[in-house]
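[1] Fold the following.
(one chain, ligands or ions: 1)
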Amino acid sequence: MTAAEHEPEHSAGYEVDTLIVGAGFAGLGLGIRLRRRAEETGAAASFLILERAHDVGGTWRDNVYPGVACDIPSHLYSYSFRTKPDWSHVYPSGAELQEYLRECAREEGVLPHLRFGETVTDARWDADAGRWLVTTPRGSYRARALVSAVGRLSEPRVPGIKGLHTFTGRVLHTAAWDSSLALRDKRVGLVGTGSSGVQLLPYLAREAAHVTVFQRSAPYVVPRGDRAYTLEEQERFTDPLERQRMRDEIFWQAESAFPQRLGEPEAIGQLHDRARVHLESQVADPALRAALTPDYEIGCKRVPLSDEFYPALTRPNVTLEASALERVDGTTAIAGSGARHDLDVLVFATGFHAARPPFADLVTGRDGIRLAEHWAQGMRAYASIVVAGFPNLFVLDGPNASLGHNSAIYMIEAQLDYVLGALDHLERTDAPLEIPRAAEDAYLAALDAAAADTVWLSGCTSWYVDERSGRLTLLWPGYAHTFRERNGTFDAAVFDGAPIPAR
Ligand code: NAP
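    So this is what the prediction gives:
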């Protein structure tokens, strides 16, 4: 794909039925479904996907740090409507996922609908026209429906570290990796030990002269056990039934882990044992082991999978600083413990603005209310997708639509089904669809009640929870299949004030 082919010089004044913002798994998936539907019905596919970057892929385009991979197996972490027989490994690397998404865009005929280099600066609901007006530096668009597919892990977060501007070395975030960076003879500070930091450390330890790992909270880590698929296995997966069987097996195995998230003693005990045995088998030094032992409930934060993280920490050129990076003064990084570390490079593996998506600042709904204002106490939506006061807006990967135990793609596909149902409805009626506030409130109350029993609200800090309200705003507090049952079908009656269905 050449991005230039799909970058108009000026894109002012476009009118489409559906405008999608973002060309990651969610936006691209909707594009593919809309293309296929148009082919089935013979109707025109009136949609565009605005993408601020110059390629598809979202997370998997942006995160190219060494070691980046997904911890959901390949056969499940892909579209059910476009499975792939020849995944190279049990777990997909970032590069393989990116190639998969590029191939999907190319072969499914989505490229003509893509507008690269288009950064949305404003989106507002025009109540008189019943249309969304969307502005980019290049021009403007009008659309009946606006679909936010901007992703939840798309805006890198660097914590406000005092004196960071005085650092004389190089500063990077894992989501903005520079592959030309040479680390030999460099002293590197790695800040953060979530999934990204855990994946990156083994590379840093191999490449750099010295690595200091700033660990504010110890992660629980469980074995990964990745391996390449054999040619025989790949041959077997050319049979669609075999691929489906594999998807089902992975999916239901992941679902069976959900009771751990409810803190059920036997289930969570087994998970604890896996993490403890892994730590004990890979780290012999009792002091290091103690420093790597978490002090919060397992599963409260995402549990990274790695066979290489602990061994990297036992290398002579790696120092575990078991406290936060607090201050920087010139070349010196100062930890919460008071320890000082002289560094040439600082790598922030400090995550993303997931709970407070910057995109919400750009979206204005009915009565001039900004989405960020509506979400002042945390993201909220009915059915995890439609928002009171924001007619014909659909938020993918938004409030309570993530998972801590199963595939994000499964959730996205349930949301795509919902959106397609809603778009059909809009096509028939052309009357704005706005969810009543009472429905949004009732849905949230049910979610809050379900979330209260989960390990995610057991007292750790994580991006799953909004710090302003303490509510679990990112994760679906249930099994993945219950999300599909509850939210995978558009139900017009609720928009007319019918009682919301029970969970
Ligand atoms: P994250 O989970 O939000 O982790 C951020 C890390 O930065 C935490 O360890 C946090 O410590 C630490 N931190 C923040 N400020 C710090 C400071 N001043 N000093 C020291 N540490 C500091 O971010 P992430 O690792 O990028 O992962 C985000 C999400 O992306 C994951 O949860 C996962 O969903 C996804 N992801 C998945 C994979 C995979 O599939 N394998 C890989 C990468 C990312 P605290 O824990 O104390 O807050």
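[2] partner strands of the longest strand belonging to the chain, parallel or antiparallel?
    The longest strand of the chain (DSSP state E) is strand 139-148. Sheet pairing of strand 139-148 (DSSP bridges) gives strand 14-21 (parallel), strand 131-136 (antiparallel), strand 393-395 (parallel).
[3] what about Trp177, distance to Phe348?
    Using Cβ to Cβ, to the nearest Å, Trp177 is found at 11 Å from Phe348. In this view, the C-beta of every residue, glycine as well, is placed from N, C-alpha and C.
[4] From the neighbour counts alone, determine which of those two ranks first.
    Neighbour totals were compared for Trp177 and Phe348, and Phe348 leads with 25 against 17 (other Cβ atoms under 10 Å).
[5] shouldn't that one be in contact with Gly189?
    No. Counting by Cβ atoms under 8 Å, Phe348 stays clear of Gly189, with 9.2 Å between them.
[6] Most tightly packed of the strands paired with strand 139-148?
    Among the strands paired with strand 139-148, strand 393-395 has the highest mean neighbour count (mean count of other Cβ atoms under 10 Å), at a mean of 26.
[7] What are the boundaries of the strands in the stretch 151-300 of the chain?
    Secondary structure of the stretch 151-300 of the chain (DSSP state E, counting those that start in this stretch): strands located at 170-173, 187-191, 210-214.
[8] mind giving me JSON lines with those and columns for mean neighbour count and distance to Ala493?
    Shown next, in JSON lines, are those (neighbours: other Cβ atoms under 10 Å; distance: least, Cβ to Cβ, whole Å):
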{"stretch": "strand 170-173", "mean neighbour count": "18", "distance to Ala493": "45"}
{"stretch": "strand 187-191", "mean neighbour count": "26", "distance to Ala493": "49"}
{"stretch": "strand 210-214", "mean neighbour count": "25", "distance to Ala493": "52"}
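[9] I'd like these laid out as a markdown table, including mean pLDDT and distance to the ligand.
    As requested, those are exported to a markdown table (pLDDT from 0 to 100; distance: least, Cβ to the nearest ligand atom, whole Å):
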| stretch | mean pLDDT | distance to the ligand |
| --- | --- | --- |
| strand 170-173 | 98 | 9 |
| strand 187-191 | 98 | 5 |
| strand 210-214 | 98 | 4 |
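[10] Make TSV out of these and add distance to Ala44.
    Formatted as TSV, the strands of the stretch 151-300 of the chain follow (distance: least, Cβ to Cβ, whole Å):
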stretch	distance to Ala44
strand 170-173	41
strand 187-191	50
strand 210-214	54
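[11] Can you say which of the ones you listed is nearest to Leu48?
    Closest to Leu48 of the strands of the stretch 151-300 of the chain, according to Cβ to Cβ: strand 170-173, at 29.6 Å.
[12] what residues does the protein put near the ligand?
    69-71, 153, 159, 174, 191-197, 199, 214, 216-217, 301-302, 324-325, 349-351, 461, 463 (Cβ under 6 Å from any ligand atom).
[13] re earlier: buried residues in the longest strand of the chain?
    Buried residues in strand 139-148, counted by 16 or more other Cβ atoms under 10 Å: 139, 141, 143-148.
[14] For this protein, name the helix or strand with the lowest mean pLDDT.
    Least confident helix or strand, the chain: helix 258-261 with a mean of 93, by mean pLDDT, DSSP states H and E.
[15] what's the neighbour count on the residue of the stretch 351-500 of the chain found nearest the ligand?
    Here the stretch 351-500 of the chain gets closest to the ligand at one residue, Gly351, 2.5 Å apart by Cβ to the nearest ligand atom. Neighbours of Gly351 under the rule other Cβ under 10 Å: 22.
[16] If I look at it, what pLDDT would I see?
    Gly351 is assigned a pLDDT of 97 by the prediction.
[17] Now Tyr310: closest residue in space, sequence neighbours ignored.
    Distance criterion Cβ to Cβ, 6 or more residues apart in numbering; nearest residue to Tyr310, sequence neighbours excluded, is Gln282 at 3.7 Å.
[18] That neighbour against Ser306, yeah?
    No. The pair Gln282 and Ser306 does not pass the contact test of Cβ under 8 Å, sitting 9.6 Å apart.
[19] just to revisit the earlier point, of the residues of the chain next to the ligand, just the buried ones, ChimeraX syntax please.
    Paste this into ChimeraX to select the buried members of the residues of the chain next to the ligand, with burial taken from 16+ other Cβ under 10 Å:
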select :69,70,71,153,174,191,192,193,194,195,196,197,199,214,216,217,301,302,324,325,349,350,351,463
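[20] Comparing Gln282 and Ser306, which shows the higher neighbour count?
    Ser306 (24 against 20).
[21] Now do the contacts for that one.
    The neighbours of Ser306, taking Cβ atoms under 8 Å, 6 or more residues apart in numbering as the test, are 198-199, 202, 221, 224.
[22] By neighbours, which of these wins?
    Neighbour counts for those, by other Cβ under 10 Å, peak at Val198, which reaches 27 neighbours.
[23] Residue ranges of each domain in this protein, please.
    Domain assignment for the chain by automatic domain parsing gives 4-155+354-445+475-495, 164-348.
[24] Just give the nearest non-adjacent residue to Ile334, would you?
    In this structure, Ile334 finds its nearest non-sequential neighbour in Arg327, 4.2 Å apart by Cβ to Cβ, 6+ apart.
[25] and that neighbour, how many neighbours?
    16.
[26] got the buried residues of strand 139-148 as a markdown table, with pLDDT columns?
    Shown next, in a markdown table, are those (pLDDT from 0 to 100):
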| residue | pLDDT |
| --- | --- |
| Gly139 | 90 |
| Tyr141 | 96 |
| Ala143 | 98 |
| Arg144 | 97 |
| Ala145 | 98 |
| Leu146 | 98 |
| Val147 | 98 |
| Ser148 | 98 |
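[27] Generate JSON lines for those, with distance to Ala53 as supplementary columns.
    Shown next, in JSON lines, are the buried residues of strand 139-148 (distance: Cβ to Cβ, whole Å):
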{"residue": "Gly139", "distance to Ala53": "18"}
{"residue": "Tyr141", "distance to Ala53": "18"}
{"residue": "Ala143", "distance to Ala53": "21"}
{"residue": "Arg144", "distance to Ala53": "26"}
{"residue": "Ala145", "distance to Ala53": "23"}
{"residue": "Leu146", "distance to Ala53": "19"}
{"residue": "Val147", "distance to Ala53": "17"}
{"residue": "Ser148", "distance to Ala53": "16"}
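[28] Looking at those residues, spot the one nearest the ligand.
    Using Cβ to the nearest ligand atom, Ser148 comes nearest to the ligand of the buried residues of strand 139-148, at 18.8 Å.
[29] Contact partners for the closest one?
    By Cβ under 8 Å, 6+ apart, the neighbours of Ser148 are 21-22, 359, 363, 393-396, 398.
[30] Check Lys162 too.
    Counting by Cβ under 8 Å, 6+ apart, the residues that Lys162 touches are 326-328.
[31] cool, and Asp62?
    Shown in contact with Asp62 (Cβ under 8 Å, 6+ apart): 53, 154, 175-176.
[32] if you set the cut-off to 6 Å instead, what comes out?
    Ala175 (Cβ atoms under 6 Å, 6 or more residues apart in numbering).
[33] that older thread, correct me if wrong: the residue of the stretch 351-500 of the chain closest to the ligand contacts Arg157.
    Yes. Contact criterion Cβ atoms under 6 Å: Gly351 and Arg157 qualify, at 5.3 Å.
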